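1. what would the 3D arrangement of this be:
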Amino acid sequence: MAKLRITQKRSIIKRIEKQKRTIKALGLGRPNRSVVHEDTPQIRGMIRVVQHLVEVEEIND
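-> This is a model prediction of the structure:
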């Protein structure tokens, strides 16, 4: 299964609470921090909520 590298590119200061909670749930919190997650519909939905704050890169196993 493919994996996704999610990198936070923008700060969550002055963002709505839903976006702040989504960033925390993804394991991010600071700009330029990256995490790797499995490519699932749940993760894709979370990315969609904060797509203007993150950069996503597909990693093939």
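2. does Val56 belong to a helix, a strand or coil?
-> Judged by DSSP: H, G, I helix; E, B strand; the rest coil, the three-state class of Val56 is strand.
3. neighbours of it, how many?
-> By other Cβ atoms under 10 Å, 14 other residues sit near Val56. All C-beta atoms are positioned from the backbone trio N, CA, C, and that covers glycine.
4. can you give me the pLDDT of it?
-> We have a pLDDT of 98 for Val56.
5. that one reaches Ile6, doesn't it?
-> Yes. The criterion here is Cβ atoms under 8 Å, and Val56 meets it with Ile6 at 5.6 Å.
6. what do these two both touch?
-> Between them, Val56 and Ile6 share these contacting residues under Cβ atoms under 8 Å, 6 or more residues apart in numbering: Ile47.
7. give the next helix or strand downstream of the helix or strand where Lys20 lies.
-> Under the criterion of DSSP states H and E, Lys20 resides in helix 17-25. With elements assigned by DSSP H and E, the helix or strand that comes after helix 17-25 is strand 34-38.
8. that following strand packs against which elements?
-> Packed against strand 34-38 by the contact rule (3 or more Cβ pairs under 8 Å, 6 or more residues apart in numbering; DSSP states H and E) you find strand 3-8.
9. buried stuff in the strand it packs on?
-> Leu4, Ile6, Gln8 (16 or more other Cβ atoms under 10 Å).
10. okay, these in TSV with pLDDT next?
-> Below are the buried residues of strand 3-8 laid out as TSV (pLDDT from 0 to 100):
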residue	pLDDT
Leu4	97
Ile6	98
Gln8	98
